[in-house]
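Asks: got a predicted model here, sequence first, then my questions.
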Amino acid sequence: MMNKKLRMGMIGGGPGAFIGGVHRIAAGMDGEIDLVCGAFSSDPEKSKQMGETLNLRPERVYGSYKEMIRAENELPLNERMDIVSIVTPNHVHFEPTKLALENGYHVILDKPLSFDWKEGKLLQEIAKKSQLLFCLTHTYTGYPMVKEARQQVLSGKFGNIRKIYVEYPQGWLSELLEAKVSTHHSKKQATWRTDPSQSGMAGAIGDIGTHAFNLAEYVSGLEVTKICADINTVVEGRKLDDDGTVLLKFNNGASGFLFSTQVAAGEENNVKIRVYGEKGGVEWQQDIANTLLVKWFEKPSEIYRTGTPYAGSFAKHNTRVPAGHPEGYLEAFANLYRNFALCVKAKMSGTDPQPEWLDYPGVDEGVRGMMFIEKVIESGRSEKKWIELE
């Protein structure tokens, strides 16, 4: 397999953008990717400023994503970017992703997939037709012990899965932050994430509820088939939901419960999932991300830890340091980038990727996430008890 670094271009992630910096750290962590160009803002001056901060060559810093893709296409194959990372707000996901795929570039896209489900379906068709690789950054699937949880559930050792609980509590929007006068980065985040014209039809459900939904399907290996939702806008004056509770039915008959809220004052980002089968189950939470609890019906619980020799191959592949050295959010994010990069390199060199490399979320998970958002909002507005996901 080729051993050169992949050349990456970035769309979005300009001054004051939280997630752009996270993507850049993740991309660079394992030495598989170099950031070589970017269109970091819709404001050409801000894009130029970001390029200077990142010490990029001025001629590879562009005023728009269209200019970037057009200019990169004109460079020799051994100089132009290989992959594109798109870290814009939701309403600027579709067009740059479509253009990148149509011009032959593999794509890493920050979640959610698109502004709405219709756009997501179109992107799915374009991605499939292009035969290019596509990664959607559902970060929490990148944790070693989340991967261990999935492999243990898929092994069948717990028997038929019966119950799934998943939660994502935050408290940062407990007041009308988007209306406050502030230059802090959280004000910028609140402004676009609570704006229907930028975020889409959902607030908390789209922002963090989709992470919880993805985690439930990923760890269980099942698909949600029906939902029943209660959706709330708690803070007066807010335009989108900031709190939601969803009952779930899965394709094997299991039932589940999901809640995502941004008004749980004092909460940070302690994502948590529990999956129970006939004989036992697993429990993981981000506050103690290096620990996986394995629970049994008639014997003591077990504790699995990141970096230990008894963990499975998927957990080991996504672990960088010995046991006892914490690996967290940035490393989980980087695991998605590394697995994606290894698969791109394998494709370029005509070799088969290892199963552990292929374990990253893609366009199909993105479409399911967009369907979840629309059906949950539909259910929340309806008197009908259950709505099918189809």
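Replies: Arrived safely.
Asks: now the end-to-end length of stretch 219-236.
Replies: From the first residue to the last, stretch 219-236 extends over 36 Å; the measure is Cα to Cα, to the nearest Å.
Asks: if we go by neighbour counts, what in it is buried?
Replies: Using 16 or more other Cβ atoms under 10 Å as the test for burial, stretch 219-236 gives 219-220, 222, 224, 226-229, 231, 233, 235. Where C-beta positions appear, they are placed from N, C-alpha and C, glycine not excepted.
Asks: could you pull up the residues touching the residue nearest the centre of the chain?
Replies: Central residue of the chain (Cα atoms, centre = their mean): residue 138, 1.9 Å from the mean position. Contact partners of residue 138, counting by Cβ atoms under 8 Å, 6 or more residues apart in numbering, are 111, 210-211, 214-215, 218, 336, 361, 365, 369.
Asks: what's the closest of those residues to residue 321?
Replies: Sorting the contacts of residue 138 by distance to residue 321 puts residue 336 at the head of the list, at 18.0 Å, by Cβ to Cβ.
Asks: excluding its backbone neighbours, what's nearest residue 32?
Replies: Nearest residue to residue 32, sequence neighbours excluded (Cβ to Cβ, 6 or more residues apart in numbering): residue 341, at 3.9 Å.
Asks: please state the offset of the helix or strand harbouring that neighbour from the chain centre?
Replies: Using DSSP states H and E, residue 341 sits within helix 329-349. What separates the centre of helix 329-349 from the centre of its chain is 14 Å, taken as Cα atoms, centre = their mean, to the nearest Å.
Asks: then stretch 252-267?
Replies: For stretch 252-267, the distance to the chain centre is 17 Å (Cα atoms, centre = their mean).
Asks: buried residues in that stretch?
Replies: Residues 254, 256, 258-264, 267 are the ones in stretch 252-267 that count as buried (16+ other Cβ under 10 Å).
Asks: tell me the spacing between the closest residue to residue 356 other than its chain neighbours and residue 325.
Replies: Nearest residue to residue 356, sequence neighbours excluded (Cβ to Cβ, 6+ apart): residue 317, at 4.1 Å. Distance, residue 317 to residue 325, by Cβ to Cβ, to the nearest Å: 17 Å.
Asks: residue 142 too?
Replies: The spacing between residue 142 and residue 325, counted by Cβ to Cβ, is 17 Å.
Asks: the two: which is more packed in?
Replies: residue 142 (26 against 11; other Cβ atoms under 10 Å).
Asks: centroid-wise, who is the farthest residue in this structure?
Replies: Distance-from-mean max, the chain, by Cα atoms, centre = their mean: residue 298 at 36.2 Å.
Asks: residues making contact with the one helix or strand residue 37 maps to?
Replies: Following DSSP H and E, one finds residue 37 within strand 33-39. Contact with strand 33-39 is made by 5-13, 24, 27-28, 47, 50-51, 54, 56, 60-65, 67-68, 72, 81, 83, 337, 341, as judged by Cβ under 8 Å, 6+ apart.
Asks: secondary structure class for residue 167?
Replies: strand (DSSP: H, G, I helix; E, B strand; the rest coil).
Asks: what comes up buried for the worst-scoring helix or strand of the chain on mean pLDDT?
Replies: Here the helix or strand of the chain ranked lowest by mean pLDDT, DSSP states H and E is helix 185-193, holding a mean of 83. Neighbour-count burial for helix 185-193, counted by 16+ other Cβ under 10 Å, picks out 188-191, 193.
Asks: tell me which stretches of the stretch 151-300 of the chain form strands.
Replies: Per DSSP state E, counting those that start in this stretch, the stretch 151-300 of the chain carries strands over the ranges 161-169, 224-232, 243-250, 255-261, 272-277, 280-285, 291-296.
Asks: now for the third one, which elements pack on it?
Replies: In other words, strand 243-250. strand 161-169, strand 224-232, strand 255-261, helix 363-381 (3 or more Cβ pairs under 8 Å, 6 or more residues apart in numbering; DSSP states H and E).
Asks: quick check: domain ranges of the protein?
Replies: By the assignment in automatic domain parsing, the chain contains the domains 6-132, 142-323+367-388.
Asks: re the thing from before, with mean pLDDT and distance to residue 33 added, can I get the strands of the stretch 151-300 of the chain in JSON lines?
Replies: Shown next, in JSON lines, are the strands of the stretch 151-300 of the chain (pLDDT from 0 to 100; distance: least, Cβ to Cβ, whole Å):
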{"stretch": "strand 161-169", "mean pLDDT": "98", "distance to residue 33": "28"}
{"stretch": "strand 224-232", "mean pLDDT": "98", "distance to residue 33": "33"}
{"stretch": "strand 243-250", "mean pLDDT": "98", "distance to residue 33": "35"}
{"stretch": "strand 255-261", "mean pLDDT": "98", "distance to residue 33": "31"}
{"stretch": "strand 272-277", "mean pLDDT": "98", "distance to residue 33": "29"}
{"stretch": "strand 280-285", "mean pLDDT": "98", "distance to residue 33": "28"}
{"stretch": "strand 291-296", "mean pLDDT": "98", "distance to residue 33": "29"}
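Asks: okay if I get those strands as TSV plus distance to residue 175?
Replies: What follows is these, written out as TSV (distance: least, Cβ to Cβ, whole Å):
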stretch	distance to residue 175
strand 161-169	16
strand 224-232	16
strand 243-250	14
strand 255-261	14
strand 272-277	24
strand 280-285	26
strand 291-296	33
